Every structure is written in structure tokens, then in C-alpha cells.
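Colleague: okay, predicted coordinates and the sequence, questions at the end:
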Amino acid sequence: MPEILTQRNGPVTTLLISNPARMNAMSRDMWMQLAEGIRAADADPAVRVVVLRGEGEKSFVSGADISQFEKMRSSADAQAEYEKAVNDGYNAPVQCSKPVVAHIRGICIGGGLGLAAACDVRICSDDTIFRMPAGRMGLGYGPSGVRRFVAMIGAANTTDLFMSARKFGAAEAQRIGFVSQVHAPDRIDAAVAEYVQMVAENAPLTLAAAKFAIREALRDPADRDTERALNMVKACFDSQDYREGRTAFMEKRVPQFQGR
């Protein structure tokens, strides 16, 4: 059954995108479950990092499940309901106060590429195939999603990928700044595990403040909540974690942050 499975390993919650019969294509219900899973992880103080990955070795997300289009996108009202579910899924990683890491292997196209772009960090295997095929399907791509690509890889690269609808590989994805790390397929799981563990050891308030400030920097100046961003920075300096960080540094030990 197509679904989003939640897996927990200490401070790391992994949301497994599971629809292997369709290369992990996203159904409407899966978009809804994804948003719910991210919000649940965000609300859990014991969770420090969220990881999104596709089930198996062949695909991260192959896009939308087009078998649903005839039924669920056949009228304006149905389309609006479907789009709400998709947008909630895209926005959930962005709005999550905690770091969200995309663990990418195999196919990452269309909705998968957009979902990966909504995450904070992307790590992929060197056999990954990326593509934005909207131009081959006649689909319109929303401005907020396009804005994320422009902010990440620049207008020229975004234009190229949308206009050509061509496939590109992991090496190019890293060169243009879409992914941070590329690893061999037999190394990707360990590399992601090592990275998220490193992130999980850092001060949660600091990471939340940094993520919010980065998000605000990508908004129009008139829409930025600078006051909230500054208050989040102040909260870091007022926190017990700041005192713990200073003490641990002087004592040459790993700090034990509590998120308060």
C-alpha cells in the first residue's frame, strides 16, 4: 500500500516514502501523510533531525502518481483539493523548525525534485538521476517552488532545467549546488547516518534560529519577520544550552544540549 512510514532512531526520525510498485510516486494521501509526519517530528522535543528517503534502491520519488490524475484532478474542485495536499507536503520541510535532510538514491524527478528542493540538505548516491519534466507533461509549476530552485541553483540553471526538461546526474547536481554530498551507492546510507548524527549533536535552538534566518533571507524584504529572527538569536544566548556549550568547550568534551 502506498504510504509514508515513520522510523525512529534516537534523535533522528526518518520518513520512508513507500510506493515501490510505482517507483515511490506520491499519491495525494502520501503528500498528506508526509506533512503530518514532519509536523509530528517537529512537535517532538526528542527529535533533532528529520530524514526523507525513498523505499528501496531504485527511487527517491519518481514524481506524482499519475494514475490518480483522471479521478482526483478531473475538475477544478478536485484539482484544488489535490494541490492543497501537494503544497502542504512541499511546505512541511520548509516550515519545520528542525533540519530536514533528503537522502536521495536512484530516480528523483518532478515532484521528487521539488520535494528534495524543499529540504535543508540533500545528499545523494552517484547513480541518482534527476529531472524536472513539467515541460514534457504540460504541467504548470508554482512560483513558490520555482523560487526555491532559483534561490538554490540560480536563475540560469533553473531556466535550463525547466526549459529543457533534460535528465542530469549526481555530478552535475553537486556542481550547480543542488546536492551537498555525493557518495557511492554502497556508502550513501552510512554517509547520511554520519551526517545526521553530527547535526543531531548540535544545539537545537541555534539550528532553529539559523534555519529561520535562512528562510527569511529568501523572502521579499517587505515580508521578512526580522523581529522574530532576532528574538530567536536572543533566545540562544539566554539558553541553558549556551552555558553548556561554553562549559563543554572549556572542558574539551562533547556538549549535551537539551534544547532549552
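Modeller: Arrived safely, thanks for sending. Residues are numbered from 1 along each chain as shown.

Colleague: OK, contacts around the residue nearest to residue 132 when sequence neighbours are not counted?
Modeller: Nearest residue to residue 132, sequence neighbours excluded (C-beta to C-beta, 6 or more residues apart in numbering): residue 161, at 4.9 Å. Every residue, glycine included, has its C-beta placed from N, CA and C. The neighbourhood of residue 161, defined by C-beta atoms under 8 Å, 6 or more residues apart in numbering, consists of 132, 149, 153, 168.

Colleague: now do the phi/psi pair for the last one.
Modeller: Main-chain torsions, residue 168, degrees, to the nearest 10: phi -150, psi 160.

Colleague: what pLDDT does it get?
Modeller: Residue 168 is assigned a pLDDT of 98 by the prediction.

Colleague: so how far is residue 174 from it?
Modeller: Going from residue 168 to residue 174 by C-beta to C-beta, to the nearest Å gives 11 Å.

Colleague: in a strand, the residue nearest to residue 132, correct?
Modeller: No. With DSSP: H, G, I helix; E, B strand; the rest coil as the criterion, residue 161 is located in helix rather than a strand.

Colleague: before we move on, the earlier item: and the furthest pair within the contacts of residue 161?
Modeller: By the measure C-beta to C-beta, 149 and 168 form the most distant pair in the contacts of residue 161, at 13.0 Å.

Colleague: compare residue 168 and residue 174 (neighbour count), which wins?
Modeller: Neighbours around residue 168 and residue 174, counted as other C-beta atoms under 10 Å, are more numerous at residue 168. The numbers are 19 against 16.

Colleague: just the helices in the stretch 51-200 of the chain please.
Modeller: Listed in chain order, the helices of the stretch 51-200 of the chain (DSSP state H, counting those that start in this stretch) span 69-72, 76-95, 111-118, 134-137, 143-164, 170-175, 188-200.

Colleague: ok, residue 188 touching residue 122?
Modeller: No. Residue 188 sits out of contact with residue 122 when judged by C-beta atoms under 8 Å, with a separation of 11.8 Å.

Colleague: what about the closest residue to residue 141 other than its chain neighbours, how many residues nearby?
Modeller: Counting by C-beta to C-beta, 6+ apart, the nearest residue to residue 141 once its immediate chain neighbours are dropped is residue 134, at 5.0 Å. Residues within reach of residue 134, counting by other C-beta under 10 Å, total 20.

Colleague: ok, residue 233 next?
Modeller: Summarising burial for residue 233: neighbours were counted as other C-beta under 10 Å, giving 16.

Colleague: sec struct for it, please.
Modeller: Reducing the assignment to helix, strand or coil with three-state DSSP, the entry for residue 233 is helix.

Colleague: now do the same contact list for it.
Modeller: With contacts defined as C-beta under 8 Å, 6+ apart, residue 233 is in contact with 209, 213.

Colleague: for residue 257, which three-state class applies?
Modeller: Criterion first, three-state DSSP; result for residue 257: coil.

Colleague: adjust the sequence numbering to begin at 56 for everything that follows.
Modeller: Right, with 56 as the first residue, what we last looked at is residue 312.

Colleague: what's the neighbour count on it?
Modeller: Residues contacting residue 312 under the criterion other C-beta under 10 Å number 22.

Colleague: please report how far it lies from residue 249.
Modeller: Distance from residue 312 to residue 249, by C-beta to C-beta: 19 Å.

Colleague: for the most centrally placed residue in the chain, which non-adjacent residue is spatially closest?
Modeller: Centroid-nearest residue in the chain: residue 174, 2.0 Å away (criterion: C-alpha atoms, centre = their mean). Once its chain neighbours are removed from consideration, residue 174 has its nearest residue in residue 157; the separation is 4.1 Å (C-beta to C-beta, 6+ apart).
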